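Asks: sequence first, then the predicted structure, then my questions.
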Amino acid sequence: MTGRRRWSPSTRHTGTHRARDCSTRLEAALTAGTQADPAFVDALVARCAVEPDFFVRDMLTWALTRLPAERTVPRLLTELRSQRAQARSQALHTLSKIGDSKAWPAITRSLLHDPDDEVARSAWRAAVVLVPAAEREGLATELAAQLGRGDREVRLSLSRALVALEDVIEPALRTGLDSADPAVRAHARATQRLLHDPDAGFDLAVDEANRVVALGSQRVGGTAC
């Protein structure tokens, strides 16, 4: 083999070529990460925004973590303003893996509350990695304001992010426990259980929380309808 192989992903995604092209793109991302050439930054970030395969996207992120943060982080921060949800989500995911604290100011409230669940989940994960110690309580409040959001996977992601902040989440959880919304109360109680007993398991914690909330509602409201 002579010279260096340039990273050039396939653009075909349909028909009989899909599996083969996926393997080609995975190999190309692996090559880019192995060579660690800063010239690949723009192409790798652009590919993250449109790549349909999870494993290829994960390899693209790995390749970007191999490049100098002073080149990758500014480019990824630009992606956070993209109209494409996948571009925002993957940029947040990659920033969480790079772990450069200079990216923290870009994790805005709008990203933490993004209407796209995948973007919001990526923002939660990035935020708990990048947040300065002095701002952990404020982040806990922002995250806890979304208790009860989404399906099981979204709620699990939010609980994990909150638990990663450790004891600073207690005041925010108490607010959730006092909510008029039973879904919020149950999610807050399940998260509190995970905080104090990480081995409890999310589904068991949710089941227990739902029972407690249901019993509490019956006591307050008398006979259940």
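Replies: Everything's here; your move. Please read all numbers here as calculations on a predicted model, not as lab measurements. Numbers count the residues shown, from 1 in each chain.
Asks: give me the distance between Asp116 and Ser96.
Replies: Using CB to CB, to the nearest Å, we find Asp116 at a distance of 17 Å from Ser96. (Glycine included, C-beta is placed from N, CA and C.)
Asks: quick check on these two: which one has the bigger neighbour count.
Replies: Neighbour tally, Asp116 and Ser96, criterion other CB atoms under 10 Å: the higher count belongs to Ser96, 20 against 15.
Asks: so the more buried one is in contact with Ala123, correct?
Replies: No: at 9.2 Å, Ser96 does not count as touching Ala123 under the criterion of CB atoms under 8 Å.
Asks: so Val163 versus Ala103, what's the distance?
Replies: Applying CB to CB, one obtains 22 Å for the distance of Val163 from Ala103.
Asks: who has more neighbours, those two?
Replies: A count of neighbours by other CB under 10 Å puts Ala103 above the other of Val163 and Ala103, at 23 against 17.
Asks: tell me the pLDDT at the more buried one?
Replies: As predicted, Ala103 sits at a pLDDT of 97.
Asks: gap between Arg211 and Arg189?
Replies: Going from Arg211 to Arg189 by CB to CB gives 10 Å.
Asks: ok, the two, which is more surrounded?
Replies: Arg189 (23 against 12).
Asks: from what I can see the more buried one touches Val212, true?
Replies: Yes: taking CB under 8 Å as the definition, Arg189 is a contact partner of Val212 at 6.0 Å.
Asks: just the strands in this structure please.
Replies: For the chain, strands defined by DSSP state E do not occur.
Asks: pLDDT weak spots in it?
Replies: Where the chain drops to pLDDT under 70, the residues are 1-20, 205, 214-225.
Asks: how is it partitioned into domains?
Replies: 23-130, 134-225 (automatic domain parsing).
Asks: dump the residue contacts of Val206.
Replies: Residues near Val206 by CB atoms under 8 Å, 6 or more residues apart in numbering: 152, 155, 186-187, 190.
Asks: can you rerun that using 6 Å?
Replies: With contact taken as CB atoms under 6 Å, 6 or more residues apart in numbering, Val206 is in contact with Ala190.
Asks: what's the answer for the one 4 residues further on, then?
Replies: By CB under 6 Å, 6+ apart, Asn210 lies in contact with Ala186.
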